[in-house]
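> I'd like to go over a predicted model; first the sequence, then the structure.
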Protein chains: 2
Amino acid sequence: MAGSRQIGEPARRLTREEARRQTRERLLDAAGDVFKRLGYNGASLEAIAETAGYTKGAIYSNFETKADLFKALVDRHRDEEIATQSNQFAGKSLEEVLAELDEVFERQVGRDPDRFALQIELVLASMRDPEVRRRLVAGSEELRDKTGASFDALLAKAGRTAPFTGRELSVLFTAMATGLALQRMLEPETVDPKLLVRAARCLAGIEDARS
Amino acid sequence: MAGSRQIGEPARRLTREEARRQTRERLLDAAGDVFKRLGYNGASLEAIAETAGYTKGAIYSNFETKADLFKALVDRHRDEEIATQSNQFAGKSLEEVLAELDEVFERQVGRDPDRFALQIELVLASMRDPEVRRRLVAGSEELRDKTGASFDALLAKAGRTAPFTGRELSVLFTAMATGLALQRMLEPETVDPKLLVRAARCLAGIEDARS
DNA sequence: GTCTATACACGGATAGAC
DNA sequence: GTCTATCCGTGTATAGAC
């Protein structure tokens, strides 16, 4: 890890590389905040630097251009997303996983709607810049495989035969969650939190979807 | 309609109001093109005016500000969307409606991905501006009611009992289509066009979703 | 490595001619 | 009602001090 120290090493101020890394991280945090509130074009480097507690100079000593900063943010965001999602099924049963879907959903959009907005912003940016797209989707194929395999295993263990493969379920659940989240941004009252879970149960081949 | 003439009326040049209306429409068309390609902040009035074959002056004689132009576009986009969607079930059976879902989907994102991008852009803009949100969702409650009732009627006529109300199905189908469309923008090969139809059949309570 | 100061271009908006 | 010309703020990016 970046900030770890050897045992017995005296407590001291950060090395240059550590300080640099910290500044970089702070700038990326601030960039995330501002980009997701204002969008790519709406966000000014001034605002980002100020949010991070620096001036624009700090940005240009850590990143080539605004686009470069944005792409670094894409990388970090994607890594976090993959880290969060890749272990969400550890040691759970199918029923548990499905029941927890709305909790995941809630955490994704309820607690941090701006983060979700950033995710969408990144997809739009991907349309305009192939490089952004490339970075954003890096590793998602593996994640999908892994998640799909988890679903397959869970279904087999539960003795269920869903009309979809684990991989298809993975794609469908993500799509539904994303679509419902968007709809909830527009008209919160139209999206019952339980709807996602019921639909997921239905797609997974479990009968009592009526809740 | 704006451009219609009385019978027997001599062919003549447009009246002032007609000309004005035409300019306004052309500007809105151009604004749609540029906004959906570049986003709100990325689109310049210069580019919009040029696309429409005018100069910026024409914009300011038809709209108060850039935001005003954008909101007028929101209104028109929403009206078109409602007009398209409100008659899509006329005289069709449940099976037909479901089978046609991917066609609708295809038309929405396959033939005009930019229009879909604009739709998403509008949702993001709604987060930042309540007025945009208000305009964007105007009439959608009625549309949802109408669509939901159509589904209920179709289900009843087909003798099906889906685990969801027509209204819930309406929300779910829209959410799935939107989510899958976003995913397809990122990684086209991961979204089988038939997946939406199969999922919809499953949610509607029709057995053979394996297709 | 970060800050201050600044160059330079661009975008939104306005004024006034036609 | 639209066009030309222009004002002015803002934004990216760079130069140079510390």
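On my side now, so go ahead. Residues are numbered from 1 along each chain as shown, chains lettered A, B, ... in the order given.

> tell me which element the residue most central in space within chain A falls in.
By CA atoms, centre = their mean, chain A has its centre lying nearest to A:E81, at 3.3 Å. Assessed by DSSP states H and E, A:E81 sits inside helix A:66-86.

> Let's test this: mean pLDDT of the helix or strand following that helix, rounded?
Following helix A:66-86 in sequence order, the next helix or strand is helix A:94-105 (DSSP H and E). Mean per-residue pLDDT for helix A:94-105: 91.

> angle of the helix or strand harbouring A:R133 against helix A:66-86?
A:R133 is part of helix A:130-137, with elements assigned from DSSP H and E. Here the directions of helix A:130-137 and helix A:66-86 differ by 20 degrees (axes from the mean of the first three to the mean of the last three CA atoms, to 10 degrees).

> list the buried ones in helix A:130-137?
A:132-133, A:135-137 (16 or more other CB atoms under 10 Å in any protein chain shown). Every C-beta, even on glycine, is put in place using the N, C-alpha and C of the backbone.

> How about stretch A:178-193?
Neighbour counts over stretch A:178-193 (16+ other CB under 10 Å) mark A:178-187, A:190-191 as buried.

> tell me the mean pLDDT over that stretch?
96.

> Ends of it, what's the gap?
Taking CA to CA, to the nearest Å as the measure, stretch A:178-193 stretches 13 Å from start to finish.

> so what secondary structure elements neighbour the next helix or strand after the helix holding A:R133?
Scanning forward in sequence from helix A:130-137 by DSSP H and E, the next helix or strand is helix A:140-157. Helices and strands touching helix A:140-157, by 3 or more CB pairs under 8 Å, 6 or more residues apart in numbering or on different chains; DSSP states H and E, are helix A:66-86, helix A:94-105, helix A:166-186.

> any idea how far the residue nearest to A:Q22 when sequence neighbours are not counted is from A:T55?
Nearest residue to A:Q22 in three dimensions, chain neighbours excluded: A:L14, at 6.6 Å (CB to CB, 6 or more residues apart in numbering or on different chains). To A:T55, A:L14 is 20 Å away according to CB to CB, to the nearest Å.

> Using the three-state scheme, assign A:R160.
coil (DSSP: H, G, I helix; E, B strand; the rest coil).

> from what I can see it touches A:L94, true?
Yes: A:R160 is within contact range of A:L94, at 6.8 Å (criterion: CB atoms under 8 Å).

> if I look at these two, which residues touch both of them?
A:204, A:206 (CB atoms under 8 Å, 6 or more residues apart in numbering or on different chains).

> who's more crowded, these two?
Neighbour count, other CB atoms under 10 Å in any protein chain shown: between A:R160 and A:L94, A:L94 has more, with 23 against 12.

> quick one, what contacts that one?
Counting by CB under 8 Å, 6+ apart, A:L94 has contacts A:154-155, A:157-158, A:160, A:204, A:206.

> redo that, cut-off 6 Å
Contacts for A:L94 (CB atoms under 6 Å, 6 or more residues apart in numbering or on different chains) come out as A:154, A:158.

> Check the gap between it and A:A162 for me.
Taken as CB to CB, the span from A:L94 to A:A162 is 10 Å.

> for chain A, longest helix please?
Ranked by residue count, the top helix of chain A under DSSP state H comes out as helix A:16-38.

> Render the CA-only coordinates of that helix in PDB, please.
In PDB, the C-alpha atoms belonging to helix A:16-38 read as follows (Å, rounded to 0.1, in the frame of the first residue of the first chain):
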ATOM      1  CA  ARG A  16       8.400  13.300  -1.800                       C
ATOM      2  CA  GLU A  17       6.700  10.400  -3.600                       C
ATOM      3  CA  GLU A  18       4.200  10.000  -0.800                       C
ATOM      4  CA  ALA A  19       3.400  13.700  -0.700                       C
ATOM      5  CA  ARG A  20       3.000  13.700  -4.400                       C
ATOM      6  CA  ARG A  21       0.800  10.700  -4.300                       C
ATOM      7  CA  GLN A  22      -1.300  12.300  -1.600                       C
ATOM      8  CA  THR A  23      -1.700  15.500  -3.600                       C
ATOM      9  CA  ARG A  24      -2.700  13.500  -6.600                       C
ATOM     10  CA  GLU A  25      -5.300  11.600  -4.600                       C
ATOM     11  CA  ARG A  26      -6.700  14.700  -3.100                       C
ATOM     12  CA  LEU A  27      -6.900  16.300  -6.600                       C
ATOM     13  CA  LEU A  28      -8.700  13.200  -7.900                       C
ATOM     14  CA  ASP A  29     -11.100  13.300  -5.000                       C
ATOM     15  CA  ALA A  30     -11.900  16.900  -5.700                       C
ATOM     16  CA  ALA A  31     -12.200  16.200  -9.400                       C
ATOM     17  CA  GLY A  32     -14.700  13.500  -8.700                       C
ATOM     18  CA  ASP A  33     -16.800  15.800  -6.600                       C
ATOM     19  CA  VAL A  34     -16.800  18.600  -9.100                       C
ATOM     20  CA  PHE A  35     -17.100  16.500 -12.300                       C
ATOM     21  CA  LYS A  36     -20.100  14.600 -10.900                       C
ATOM     22  CA  ARG A  37     -21.900  17.800  -9.900                       C
ATOM     23  CA  LEU A  38     -21.100  19.900 -12.900                       C
END
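
> Close to chain B: what parts of chain A are there?
A:41-42, A:117, A:123, A:127, A:137, A:163, A:172, A:175-176, A:178-180, A:182-183, A:186-187, A:199, A:202-203, A:209-210 (CB under 6 Å from any CB of the partner chain).

> same thing but at 7 Å, please
A:39, A:41-42, A:117, A:120-121, A:123-124, A:126-127, A:133, A:136-137, A:140, A:163, A:168, A:171-172, A:174-176, A:178-180, A:182-183, A:185-187, A:190-191, A:195, A:199, A:202-203, A:209-210 (CB under 7 Å from any CB of the partner chain).
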